[in-house]
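[1] Structure for this input, please:
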Amino acid sequence: MRKLSYSRIIAIGFIVMILIGTALLMLPVASRSGQWTSFSDAFFTAVSAQCVTGLVVVDTATYWSLFGQIVILLLIQTGGLGFISIGVFFTIMLRRKLTLSQRSLFQESMNTLEMSGTAVFTKKIMLWVFIIESIGAVILTFCFARTMPFLKALYYGVFHSVSAFCNAGFSTLEGNLINYSGDYVLNITVMALVTIGGLGFIVWDDVYKNKHHFRKYRLHTKIVLILTFVITFIGALLLFVSEQSTVLYGMSLPEAITASFFNSVTSRTAGFNTVDLGNLSEGGKAIMMVIMFIGGSPGSTAGGVKTTTIMVIVAFLIANFRHTEPHLFGKRFESDAVKKATAVMSTNLILIVCATVALTIMSGFAIGDVLYETVSAMSTVGVTIGITDKFSLAGRYILTALMYLGRIGSLTFAVSFLEKKKKVSIGYLPESISIG
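    Here you go, the predicted structure:
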């Protein structure tokens, strides 16, 4: 049998984890009713959790038992960190030497820029994740402890901290975080966890090494930090302006500002909500879809086409108009950067369009509402206007396919398109065509 490529190993690994999660969630012990859960409901939930999306067809708070919620939490954690990085970590802890293949697989799965220092980098990731999620859990526990018993608050604090950091958006609260829209400490904590998780491990390492000296940062880090800041603030401003008569109506100014920032941050791939998204204006939906489509950054827990993809394409367009090489901050991109960015962008757009058309025909819902759900699934966001559970069985499987491809697509499929095959190169005769 031909040796599997690293891309295929990652793709198959995600499927294996999803199937294990599905089997566990189907068990009677996983539901509050003690009944067997149907394969379709368990499978959809497992895909959504493993792909850190957050779309659900049954309510997480009321349907799943403690066992079921813990299974979901473990799927979120392994899906956010990547089972490859977890496997590499345990290999290191067992004091076994990493092979070249393991290092290469880690580099591909985490989208790191270099192979050297894999062991040290993995330890750093696990340590940072533990520290950040622990701090988040402590703060959220005290927020929840105001309205519930401490042990329950502790469990909710841990669950929401992991879910936020991994950009999953699953919540054990009925109505997600709508009842906590006025809790500024909780809102800021969740936003911080989502943002840190969405920056990516490469950025963390670069910032840590260079001690906040922006000029010394890699081009990748500069792009991620600047675009994250710009998207968050512009998104919040636009939502604040567009939703005054809808979801923000009746809120005080501080609450409205907080809600605008919260939904700008979480719509980048987290899936939490502090307002009823079903009441968003058409403009608000459009704003959130753009933010969702862009998503987070490579090598992070976030989805979307990624910030670097957008910046590479924008820089390429500007350079094309100016008849120069695409560059930023005095550095030009590698030759394959534009090809990769175009492949990722095109793949996501094609899948979203095809799924939207199919689901609109099958469901009869307004195309704008269906588009919102497909962008949310493809970008592994998880926000919904409330129609996810209303799709037919075939429609749900389309959404699960989008979530799966969204989680591994930009990181694996698009890269696979550019893998060099050991074949004889064939030259074709060029011929001019009209463009635009």
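
[2] and residue 147, that's in a strand?
    No: counting by DSSP: H, G, I helix; E, B strand; the rest coil, residue 147 falls outside a strand, being coil.

[3] give me the number of residues near it?
    12 (other CB atoms under 10 Å). To be clear about C-beta, it is placed using only N, CA and C from the backbone, and glycine gets the same treatment.

[4] How about the one 3 residues further on?
    Number of residues near residue 150 (other CB under 10 Å) recorded here: 12.

[5] again, but for residue 151
    Neighbours of residue 151 (other CB under 10 Å): 10.

[6] Helix or strand: which one has it?
    helix 150-165 (DSSP states H and E).

[7] quick one, what contacts residue 404?
    14, 15, 18, 47, 51 (CB atoms under 8 Å, 6 or more residues apart in numbering).

[8] just to revisit the earlier point, other SSEs contacting the helix holding residue 151?
    Judged by 3 or more CB pairs under 8 Å, 6 or more residues apart in numbering; DSSP states H and E, the packing partners of helix 150-165 are helix 66-81, helix 118-144, helix 184-199.

[9] Now distance to residue 365, mean neighbour count and mean pLDDT too, for the ones you listed, in CSV please.
    Formatted as CSV, those follow (distance: least, CB to CB, whole Å; neighbours: other CB atoms under 10 Å; pLDDT from 0 to 100):
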stretch, distance to residue 365, mean neighbour count, mean pLDDT
helix 66-81, 27, 22, 91
helix 118-144, 35, 18, 86
helix 184-199, 28, 22, 93
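
[10] so can I have a markdown table of those showing distance to residue 316?
    Below are the helices and strands packed on helix 150-165 laid out as a markdown table (distance: least, CB to CB, whole Å):
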| stretch | distance to residue 316 |
| --- | --- |
| helix 66-81 | 31 |
| helix 118-144 | 30 |
| helix 184-199 | 23 |
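
[11] wait, which of those helices is closest to residue 58?
    Relative to residue 58, the nearest member of the helices and strands packed on helix 150-165 by CB to CB is helix 66-81, separated by 9.7 Å.

[12] Using CSV, list the CA coordinates for the helix holding residue 151.
    Extracted in CSV, the C-alpha atoms of helix 150-165 (Å, rounded to 0.1, in the frame of the first residue of the first chain):
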residue,chain,number,x,y,z
PHE,A,150,-19.8,26.8,43.3
LEU,A,151,-19.2,23.2,42.0
LYS,A,152,-21.6,23.8,39.1
ALA,A,153,-20.0,27.2,38.4
LEU,A,154,-16.5,25.5,38.4
TYR,A,155,-17.6,23.0,35.8
TYR,A,156,-19.3,25.7,33.7
GLY,A,157,-16.1,27.9,34.1
VAL,A,158,-13.9,25.1,32.8
PHE,A,159,-16.2,24.1,30.0
HIS,A,160,-16.7,27.7,28.7
SER,A,161,-13.0,28.5,29.1
VAL,A,162,-11.9,25.6,26.9
SER,A,163,-14.8,26.2,24.5
ALA,A,164,-13.8,29.9,24.1
PHE,A,165,-10.1,29.3,23.8
